[in-house]
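Colleague: Below: sequence and its predicted model.
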2 protein chains.
Amino acid sequence: MNIPRSIQQFITVFSGLPSIGPRQATRLAFYLIAKGPHGVKAFADAVSGLSSLAPCPECFFVAERGACPFCGDKSRRKDSVAIVERPTDVLAIEKTRAFNGVYLVLGDLPKNGAFSPDQAAKIARLKARGSVHEIIFAFDQTTHADFGASLLARELAGAAAKITKLGRGIPTGGEIEFADEETLGSAFNRRS
Amino acid sequence: MNIPRSIQQFITVFSGLPSIGPRQATRLAFYLIAKGPHGVKAFADAVSGLSSLAPCPECFFVAERGACPFCGDKSRRKDSVAIVERPTDVLAIEKTRAFNGVYLVLGDLPKNGAFSPDQAAKIARLKARGSVHEIIFAFDQTTHADFGASLLARELAGAAAKITKLGRGIPTGGEIEFADEETLGSAFNRRS
């Protein structure tokens, strides 16, 4: 079809993004064009702005220059490390204000029983810090993540005075009648 | 929360896009950062590329320089005009290869019985061309669009030797953008 090359290019690039398909990318292209050159520039600048960011060399969250907002913050406990899969998990945890330590963004837990070389390097770095006070496994409460967590616990044996994981229980607003047995059982066992 | 300003800026701008919410925008930001500066640049360039485009002054589809791919094409009949609501409808129609005229992208048909000043100007321009051979209403087959089409028919009385609308090959309630090519093609061929 006869559509301008720059639109085709936009569609190709944007439909490569997670959860954006060619149809949505096409609509976005026309939406942006309708905003005019100034509107397009605002969006291009918002994308370009991200190029000043890189993974934090310590925790692999993002950092603007050198250390990230957490590793670079003297008021946060460096001997309490929450391991998460994704950077967005860090944001979710920060919203709770329940944690004042630092993070390690490990990436998706392995499905096949082996950590990637990249993950193995992150784990080795964490162990090289010497024994920390606490390592928290802040993972999804899924069978897949439980499996990954048990592998990780084996790797990290001796790396912390204690290794903990997120409490399992009934979510706020949840009703007992609709809780699955495992959740309700853990809620009973962890009653306080 | 303590996240870099450029990420916040990205989230603000991108969650302003249709059908993208703050959560998806946040995931996109981290996805792009993980691509590194080169990956980010490819995306920024894809957005910037759109700034060379502007609405075609004739039909209000997009054009790279001057006339659009349809108005600038000598092989297309200028006296056969398909009026559509959205530029993406043009793409869907082009895929059928059932139409060799030109377009008028009118924008969303009015819900309140009155065309916007912008639309009124487009309609006036079309009438100023003098009577054309055929005007085709290529609208969704919805009650709302039928209502808009009847208003438009009144405005365009005498502007064409015949005013046609898409054949009822498209199921009632269906939208052009989601019609398969064959259905949309036969709707073009069976216009009446």
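Modeller: Arrived safely, thanks for sending.
Colleague: for chain A, what spans make up the strands?
Modeller: A:54-55, A:62-63, A:80-84, A:102-105, A:132-137, A:160-165 (DSSP state E).
Colleague: Return the distance of the second one from the chain's centre.
Modeller: Spelled out, it's strand A:62-63. Strand A:62-63 sits 12 Å away from the centroid of its parent chain (C-alpha atoms, centre = their mean, to the nearest Å).
Colleague: what's that strand packed up against?
Modeller: strand A:54-55 (3 or more C-beta pairs under 8 Å, 6 or more residues apart in numbering or on different chains; DSSP states H and E). (Glycine included, C-beta is placed from N, CA and C.)
Colleague: where are the low-confidence patches of chain A?
Modeller: A:1-2, A:192 (pLDDT under 70).
Colleague: Count the residues that sit near the residue nearest to A:Glu182 when sequence neighbours are not counted.
Modeller: Leaving aside its chain neighbours, A:Glu182 sits nearest to A:Arg168 (7.9 Å; criterion: C-beta to C-beta, 6 or more residues apart in numbering or on different chains). Number of residues near A:Arg168 (other C-beta atoms under 10 Å in any protein chain shown) recorded here: 14.
Colleague: give the contact list for A:Arg168.
Modeller: A:141, A:182-183, A:186-187, A:190 (C-beta atoms under 8 Å, 6 or more residues apart in numbering or on different chains).
Colleague: Just give me the closest of the residues you listed to chain B.
Modeller: A:Gln141 (19.2 Å; C-beta to the nearest C-beta).
Colleague: Quick check: the gap between the closest one and A:Ala187.
Modeller: Look at A:Gln141 and A:Ala187: by C-beta to C-beta, to the nearest Å, they are 12 Å apart.
Colleague: Take the strands of chain A and write them to TSV, including mean neighbour count.
Modeller: Converted to TSV, those look like this (neighbours: other C-beta atoms under 10 Å in any protein chain shown):
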stretch	mean neighbour count
strand A:54-55	18
strand A:62-63	23
strand A:80-84	22
strand A:102-105	23
strand A:132-137	19
strand A:160-165	15
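Colleague: Which of the ones you listed sits closest to B:Ala149?
Modeller: Of all the strands of chain A, it is strand A:62-63 that lies closest to B:Ala149, at 50.8 Å by C-beta to C-beta.
Colleague: residues in contact with A:Asp79?
Modeller: So A:Asp79 contacts A:101, A:132-134 (C-beta under 8 Å, 6+ apart).
Colleague: Now with 10 Å, please.
Modeller: Each residue near A:Asp79 by C-beta atoms under 10 Å, 6 or more residues apart in numbering or on different chains is listed here: A:101-102, A:129-135, A:160-161.
Colleague: for A:Ala29, same thing?
Modeller: Taking C-beta under 10 Å, 6+ apart, one finds A:3-4, A:6-11, A:14, B:46-47, B:49-50, B:53, B:62, B:87-88 in contact with A:Ala29.
Colleague: let's see 6 Å
Modeller: Contacts of A:Ala29 were listed using C-beta atoms under 6 Å, 6 or more residues apart in numbering or on different chains, and they are A:7, A:10.
Colleague: Helices of chain A, residue ranges please.
Modeller: A:5-14, A:22-34, A:36-48, A:87-96, A:117-128, A:143-155, A:181-189 (DSSP state H).
Colleague: Could you export those helices as a markdown table, including distance to B:Thr26?
Modeller: Formatted as a markdown table, these follow (distance: least, C-beta to C-beta, whole Å):
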| stretch | distance to B:Thr26 |
| --- | --- |
| helix A:5-14 | 17 |
| helix A:22-34 | 17 |
| helix A:36-48 | 13 |
| helix A:87-96 | 6 |
| helix A:117-128 | 22 |
| helix A:143-155 | 20 |
| helix A:181-189 | 27 |
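Colleague: thinking again about what came up before, nearest to chain B, of the contacts of A:Asp79?
Modeller: Taking C-beta to the nearest C-beta as the measure, chain B lies nearest A:Val102 of those, at 12.2 Å.
Colleague: Could I get the contacting residues of the residue lying closest to that closest one once chain neighbours are set aside?
Modeller: Spatial nearest neighbour of A:Val102, excluding adjacent residues (C-beta to C-beta, 6+ apart): A:Phe70 at 5.1 Å. Contact analysis of A:Phe70 by C-beta under 6 Å, 6+ apart lists A:76, A:102-103.
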